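In: Sharing a model that was predicted from the sequence below.
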Amino acid sequence: SQQGEEDPQALSIQEGENATMNCSYKTSINNLQWYRQNSGRGLVHLILIRSNEREKHSGRLRVTLDTSKKSSSLLITASRAADTASYFCATEARGSNYKLTFGKGTLLTVNP
Amino acid sequence: DVKVTQSSRYLVKRTGEKVFLECVQDMDHENMFWYRQDPGLGLRLIYFSYDVKMKEKGDIPEGYSVSREKKERFSLILESASTNQTSMYLCASSLPVQGVLGYTFGSGTRLTVV
């Protein structure tokens, strides 16, 4: 069952610009997480935001969570070519016992 | 550096073969997971385990089984490989603590069944 859905499916920007990706989900959650995947590799955990938090920062990453709208956004500021990757949101639903359900991802391309 | 290691990056097997995908983690994590990733479908949970000798079905367990005889090792078994099991397989592990840390993933095994 697909919980999170990212939007847009693909995003192409220039180096130095900001990139914003959105995620919508359907059920009540314990937390929402964002992951990054470079082509053909495993996923790397970026940031986790709990259901009682509204905003979180980590370096150039800013994540917001709106539980009333069941949505989250990931902002990458001052993007670099090395940020080119797929980005996935994942939700830990209430009562799911640590299981994560992933969206289909946003492919971000940062052009030098 | 903590790691989840998947035994093979690329694997080619024949239809009908029994296939073993191995995953080992060195972080003493209780939880381990197997996902498959397909274009347009994202990641889908196959099986997971919260402890040694414990396993639970995920969303798409058909055609697969798992084994967890030791805490650090979680094996995915394709009983009789079929072409529709050609996919990227991702193993992950995590602590049994909500809202603290995310999953740690292996690098993936790209399996082709011919």
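Out: That came in fine, so what should we check first?

In: Tell me who's in contact with the most centrally placed residue in chain B.
Out: Centrality entry for chain B: nearest residue to the mean C-alpha point is B:Trp34, 2.8 Å, by Cα atoms, centre = their mean. For B:Trp34, the contacting residues are B:21, B:23, B:45-48, B:58, B:64, B:66, B:74, B:76, B:89-91, by Cβ atoms under 8 Å, 6 or more residues apart in numbering or on different chains. The way it works is simple: take the backbone N, C-alpha and C, and place the C-beta from them, glycine included.

In: Format those as TSV; extra columns: pLDDT, distance to chain A and neighbour count.
Out: Conversion of the contacts of B:Trp34 to TSV gives the following (pLDDT from 0 to 100; distance: Cβ to the nearest Cβ, whole Å; neighbours: other Cβ atoms under 10 Å in any protein chain shown):
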residue	pLDDT	distance to chain A	neighbour count
B:Leu21	97	13	21
B:Cys23	97	11	26
B:Leu45	95	7	21
B:Ile46	97	12	23
B:Tyr47	97	11	23
B:Phe48	95	6	24
B:Gly58	94	8	19
B:Tyr64	98	16	20
B:Val66	97	15	22
B:Phe74	97	14	29
B:Leu76	98	15	23
B:Tyr89	98	10	24
B:Leu90	97	6	26
B:Cys91	97	8	28
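
In: So which of these belong to helices?
Out: The members of the contacts of B:Trp34 all map outside helices under DSSP state H.

In: hang on, the earlier thing: what's the per-residue pLDDT of the residue nearest to the centre of chain B here?
Out: Predicted confidence (pLDDT) for B:Trp34: 98.

In: Up against chain B, what does chain A have?
Out: Along chain A, the residues adjacent to chain B under the rule Cβ under 8 Å from any Cβ of the partner chain are A:1-2, A:30-31, A:33, A:35, A:40-45, A:48, A:50, A:88, A:90, A:92, A:97-105.
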